[in-house]
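Undergrad: Just to be clear, the model below is a prediction. Sequence and coordinates:
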Amino acid sequence: MQDNPSTTPVVSKSKYISPVWFLPFIATLLALWILFQNITHKNMRVNIHFTNAGSIIIDKTKVRYKGVIVGTVKKVELDEEDGVNVIAEIESHATFLLKEKSKFWLVSPKASLTSITGLDTLFSGSYINLLPGEGEEATDFIATREQPITIPDNALLINLKSDNAASINIGTPIFYKKIQVGEIARVRLDKTGQFVNIQAFIESKYSYLVKQKSKFWNISGLNANISRTGIDFKLDSLTTLIAGGVTFSSPESSAEPLENQKYQLFNDIDASEEGLHITFKLSNTNNLPERAGILFKGHGIGRIDTINYDSESQLFIAKATINPAFSDLITESARFWVEKTSVSFSKIENLSNLITGDYINFSHGENYQNEPLRTEFVIKTEQSILESNALLITLIADNANGLTDGAPISYKGLNIGKVNTIKLTEDNNKIKATLNIDEEFSYLVNKNSKFHLLSGVNFKASLKGVEVNSKPLENIIQGGIALYNESPITKKYTQTPFKNKQPFYLYESKEMAKLGKDAFTDPLKVVLLSKELPSVSIGSPVYYHKLQVGEVSDLRLHDSSLMQTSININAKFKHLITKQTIFWNISGFEIDAGLSGIKVNAASLLAVATGGIALEFSPSVTSNITSEGQYRLFDNYQQATQPPKQITLIYDDASELKVGNKVKLKGLDVGKISQLILNKHNKIMVTLDIAPEYFDKVAKQGSRFWVVRSDISLSGAKNLSTLISGVFINVEPGNGNKTIEFKGEHNAPLLAEHKTGLSIILTASNAGSTDISSPIYHRQIQIGEVTEKRLNDDASGVEIVINIYPEYAHLIRTNSIFWPASGFNLDIGITGASLKSTSLTSLIKGGINMSTSDNRELQPASQAFSTFKLQSEFDEDWLQWKLKIPKSN
């Protein structure tokens, strides 16, 4: 059969590529793309070091940044040194966060008094948070224990310094007028350990509030204000109550803060002295103490800081501070006055001031918002409304006893006026009082009128008896002044009002007023100074050879801190007072008590009852006048005629000593303590009065003075007499040149001069039973004693300094061995128990044994302060050593 050409396939070669070949090409491109993505977006593994791996679970604990999961924990392994290493895989899109200063920390549920964090982890589990930092790319990190403080952008960083951290912690808020404007970012102890450095930030929108003169102080959550109206508790906020807080104030006129300026953080607003500082001027400050309160409607708004007297203006200047919250009220129209106690038959006010002291009250003006601030005020202790026609009288008095502002002026029991003001005269020697006499009674005053005090009760006591004269109750409470006219005064409506500007004298009593000028014929006033107040009273007699020539007029404290006794010498005996006159006390009894007995020396019966002072001539006296230019009042005639010479001891602490303690030399009383004062270096200067016959023996360089007190211990009792007579100063004379100032010692010298020999140092892990003065033994013979024990330089052990007496110093060789001489050794065996004791002294005080080995030839003698090890264990073979150590070697 012949093929049909129309059905025969024709094979021809195609000119185009088959689409099938595109599939491998596309696959190759995809593979290259995936390879490129794997290379450029490869996840990165990091190693994070934690102290522990609590709540971290492999493949479950996530790494987050701003709430977005950026990685997963893949492995947890122990660190070879400390803690654990957590290997986490960070996704490629977050690898740019891994820098040298990036920080990781574990977020888990945490509750405290100030905050609750990590509550979301109760359901999702703990996770690791990431905070990106700066620097080069890194894969090894150390986790932080707490979440780092994030400082806002453009925030103002400030540095604070405080004496202590108190309630300040990281995150403690900073307030300005109770609005939070920042917080504490860092709290660190200064390298010196003296104060705390605190770094804080103020948000940028509040940074303008900080000035050069800004003041920062700590605010506690609870403030208590105690006043006469009760106790007012104020709670700032629960946050500051629990976590504390800091606030600050800034003067508007202050400049911008300096770069790296450091501010002091005060403990409270009082310490910062923040507030409005104002000045008060007062005529007197009776019962107005420093730190007195300034009240506004019963609420404390300030305080008085200091009170000083200005001699030029004759006024008291009080510096005060007003709380900043009330400073806007202190304007030109503000009024201040002293609230005083008022006790009269019509009213009783501020009676509590008798206990707490007076205070200053305040009221502001009606238009204070439009008035300028004022910082200086003149205030009166009592506001007095003077009648335009009242008679103003001036009185001069020796003192202000019995005078009070507002006290009544009476004439034959009728109230005719009152005391207006009381102040010092221009020369500050007298008291000047101004009186307001009511217009209707002004005719009673003339140039011959006299004024005298009306004390509540006049009490006179003498050997003849007691006389009591009582005035009305009003005078008992408030005092007062009475007007006395020798001749009766009749009222004449036509008479010219009294206009004499000369002051009147205020007499102490009506009797003195009756005497008139004769009562003030000036006697000779003599001032005597003594270390102690004599046993006299005002009115006690002054004798010359048992003849009364004067009397005591005043007793007070002198400006030099000595006691001042003023006496008035009758005019006809003034010639007895010369530069050679000496004064001594002859008052009452002189008692000298001790274990040896009691010695009593009594003056006359009158002197026993009232006290007294005697005077005499002594041409050879040289110490009868003090450095103040006043006469010295001696304790007795012997002291006046043969005054002791003085030596000064310097002590850091003289709590055991007091004036009158005796000074002894080998058991003899050679003087006593006459004065203890604190010098400018905070040292106690103890002045000894030494009898002249012993002064040259002890006032030499090298003399030693120490306190002798009772000593009761197991080893015995010493100086029991001091339990009754008190401690005394013992003295050991020196051999140097003359000197009068020495360093006082609290204990007897540890080593006598003849016992000071070779000093060496023993080292041990602890001091054991060894104590100062513990004995050093060689063959149970004491050859020295412990003089000091101390920690070594790095506190890893102790150093015991011992002194070997001079006659035994040659026994200590370079190979000598030392071991503790325990109180007793107890040896228990099959045959029984054996108790051995070195000595009773070592049993009580401890001690140290020494010996030198005889296995070697004699070694060189030890040098001073050589170091030996104190053996902790004892070898009985040491007791068998019998090395011969001659003194010649």
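TA: Cool, the structure landed.

Undergrad: what about stretch 523-540, start to end distance?
TA: Distance between the two ends of stretch 523-540: 16 Å, counting by Cα to Cα, to the nearest Å.

Undergrad: correction: stretch 259-279
TA: With Cα to Cα as the measure, stretch 259-279 spans 35 Å from end to end.

Undergrad: What are the contacting residues of that stretch?
TA: Contact with stretch 259-279 is made by 158-163, 166, 168, 198, 212, 214-220, 246, 249, 302, 317-324, 327, 330, 373-377, as judged by Cβ atoms under 8 Å, 6 or more residues apart in numbering. Any C-beta I mention is one placed from the backbone N, CA and C, and that applies to glycine too.

Undergrad: Buried only: go through those for me.
TA: Applying 16 or more other Cβ atoms under 10 Å to these, the neighbour count classes 158, 160, 162, 168, 198, 214-220, 246, 249, 302, 318, 320-323, 327, 330, 377 as buried.

Undergrad: report the longest helix in this structure, please.
TA: helix 22-40 (DSSP state H).

Undergrad: so which helix or strand takes in Asn682?
TA: Assigned by DSSP states H and E, Asn682 belongs to no helix or strand.

Undergrad: confidence score at it?
TA: Listed pLDDT for Asn682 reads 89.

Undergrad: So what's the residue count around it?
TA: 7 (other Cβ atoms under 10 Å).

Undergrad: residues in contact with Gly54?
TA: Contacts for Gly54 (Cβ under 8 Å, 6+ apart) come out as Ser108.

Undergrad: same check, this time on Lys281
TA: Contacts of Lys281 (Cβ under 8 Å, 6+ apart): Ser313, Leu315, Phe316, Ile317, Ala318, Glu376, Phe377, Val378, Ile379.

Undergrad: Using the three-state scheme, assign it.
TA: Look at Lys281: counting by DSSP: H, G, I helix; E, B strand; the rest coil, its state is strand.

Undergrad: now swap in the one 3 residues further on and tell me
TA: Each residue gets one of three states, and Asn284 gets coil by three-state DSSP.

Undergrad: Hmm, it is touching Lys423, no?
TA: Yes: counting by Cβ atoms under 8 Å, Asn284 does reach Lys423; the two are 6.3 Å apart.

Undergrad: And the contacts of the helix or strand containing Tyr505?
TA: Taking DSSP H and E as the definition, Tyr505 sits inside strand 504-507. With contact meaning Cβ under 8 Å, 6+ apart, strand 504-507 is reached by 393-397, 433, 449-453, 481, 513, 519-520.

Undergrad: can you give me the helices in this protein?
TA: Using DSSP H, helices in the chain cover 22-40, 121-124, 238-243, 269-272, 353-356, 473-478, 510-515, 605-610, 637-641, 692-698, 722-725, 840-845.

Undergrad: Tell me which entries of the buried ones among the contacts of stretch 259-279 lie within strands.
TA: Using DSSP state E, the subset of those located in strands is 158, 160, 162, 198, 215-218, 246, 249, 302, 318, 320-322, 377.

Undergrad: what two of those are the furthest from one another?
TA: Largest separation among these by Cβ to Cβ: Ile198 and Phe377, giving 38.8 Å.

Undergrad: roughly how far apart are Ile269 and Asn323?
TA: In this view, Ile269 and Asn323 are 8 Å apart by Cβ to Cβ, to the nearest Å.

Undergrad: no no, Asp358
TA: 20 Å.

Undergrad: domain ranges for this structure?
TA: Structural domains assigned to the chain are 40-142, 156-272, 276-378, 391-520, 524-641, 645-743, 754-880, following automatic domain parsing.

Undergrad: can I get the ones you listed in a markdown table with distance to Ile26?
TA: Compiled in a markdown table, the domains of the chain are given as follows (distance: least, Cβ to Cβ, whole Å):
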| stretch | distance to Ile26 |
| --- | --- |
| domain 40-142 | 21 |
| domain 156-272 | 56 |
| domain 276-378 | 80 |
| domain 391-520 | 113 |
| domain 524-641 | 111 |
| domain 645-743 | 97 |
| domain 754-880 | 78 |
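
Undergrad: quick one: which of those domains is nearest Trp33?
TA: Nearest of the domains of the chain to Trp33, taken as Cβ to Cβ: domain 40-142 at 10.7 Å.

Undergrad: How confident is the prediction for Ala699, by pLDDT?
TA: Note for Ala699: predicted pLDDT of 91.

Undergrad: Count the neighbours of Glu876 for me.
TA: Close neighbours of Glu876, defined as other Cβ under 10 Å, add up to 7.

Undergrad: Repeat that for the one 4 residues further on.
TA: By the criterion of other Cβ under 10 Å, Gln880 has 9 neighbours.

Undergrad: What distance do you get for it to Leu424?
TA: Gln880 sits 91 Å away from Leu424, going by Cβ to Cβ.

Undergrad: cool, Tyr411 as well?
TA: Counting by Cβ to Cβ, the gap from Tyr411 to Leu424 is 27 Å.

Undergrad: what pairs with Ile409 across the strands?
TA: Gly417, Ile481 (DSSP bridges).

Undergrad: For it, give me its contacts.
TA: Residues in contact with Ile409 (Cβ under 8 Å, 6+ apart) are Asn415, Ile416, Gly417, Lys418, Val419, Leu435, Asn436, Ile437, Gly480, Ile481, Ala482, Leu483.

Undergrad: same thing but at 6 Å, please
TA: The neighbours of Ile409, taking Cβ atoms under 6 Å, 6 or more residues apart in numbering as the test, are Ile416, Gly417, Lys418, Leu435, Ile481.

Undergrad: can the residues you listed go into CSV with extra columns for pLDDT?
TA: Output for the contacts of Ile409, formatted as CSV (pLDDT from 0 to 100):
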residue, pLDDT
Ile416, 88
Gly417, 88
Lys418, 85
Leu435, 88
Ile481, 90
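
Undergrad: With respect to Trp337, which of the residues you listed is nearest?
TA: Of all those, Trp337 sits closest to Lys418, with 17.6 Å by Cβ to Cβ.

Undergrad: Assess the claim that Leu762 and Phe868 are in contact.
TA: Yes: the pair Leu762 / Phe868 is scored as a contact, 5.4 Å apart, by Cβ atoms under 6 Å.

Undergrad: With neighbour numbers in mind, choose between these two.
TA: Using other Cβ under 10 Å as the criterion, Leu762 and Phe868 rank with Leu762 on top: 24 against 20.

Undergrad: need the strands for the stretch 101-250 of the chain, in chain order.
TA: Taking DSSP state E, counting those that start in this stretch as the test, the strands found in the stretch 101-250 of the chain are 103-107, 110-111, 116-117, 127-131, 140-142, 156-162, 173-176, 179-189, 196-202, 215-218, 222-227, 230-235, 246-249.

Undergrad: Out of those, the one nearest Thr770 is which?
TA: Evaluated with Cβ to Cβ, the strands of the stretch 101-250 of the chain place strand 179-189 nearest to Thr770, the distance being 37.2 Å.
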